[in-house]
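In: Generate coordinates for the sequence data below:
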Amino acid sequence: MAEVKELATVLPQLNEQFHILSLSSCIQAWDKVLLAPFLSVMAPLTDKQEAACFSSLVLLQRCPIVSAVDLRQIEVACARLQRPDLLAMVVPFINARLHCDH
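Out: Residues are numbered from 1 along each chain as shown. Presented below is the predicted three-dimensional model:
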């Protein structure tokens, strides 16, 4: 988990390094950071788990490659956790991706 915290600190600082954003390792790092809080939790969330999920979704808003990350897993996790409030933070990105794909 320490690795994820370090990545969460470093990745936003790399946003202007356009030459690395499309690298598979960069995409995988963003996926790992954004998904990590959702993968090992069960409903109901503790305050700490809820804060971690919320922080991940705030970080999603700063992700320069949001169109490349796996939003579907976050969507499924929010539904599994029965947290429409968290899902509501992801839906605009999913809708934007659907709009761009057409």
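In: Let's verify the nearest residue to residue 82 once chain neighbours are set aside: helix, strand, or coil?
Out: Nearest in space to residue 82, with sequence neighbours left out and distances taken as C-beta to C-beta, 6 or more residues apart in numbering, is residue 43 at 5.4 Å. For the C-beta atoms, the positions are set from N, CA and C on the backbone; glycine is no exception. Under DSSP: H, G, I helix; E, B strand; the rest coil, residue 43 falls in the coil class.
In: Would you confirm that residue 43 contacts residue 81?
Out: Yes - checked against C-beta atoms under 8 Å, the pair residue 43 and residue 81 is within contact range at 4.8 Å.
In: Looking at this structure, which helix is longest?
Out: The single longest helix within the chain, with elements called by DSSP state H, is helix 84-101.
In: for that helix, which positions count as buried?
Out: 86, 87, 89, 90, 93 (16 or more other C-beta atoms under 10 Å).
In: Touching, residue 69 and residue 34? I think so.
Out: Yes - here residue 69 reaches residue 34: they are 5.9 Å apart, a contact under C-beta under 8 Å.
In: So for those two, which residues contact both of them?
Out: Residues touching both residue 69 and residue 34 by C-beta atoms under 8 Å, 6 or more residues apart in numbering: 60, 63.
In: Of these two, give the one with the bigger neighbour count.
Out: residue 34 (25 against 22; other C-beta atoms under 10 Å).
In: ok, that one - contacts?
Out: Neighbour list for residue 34: 56, 59, 60, 63, 69, 74 [criterion: C-beta under 8 Å, 6+ apart].
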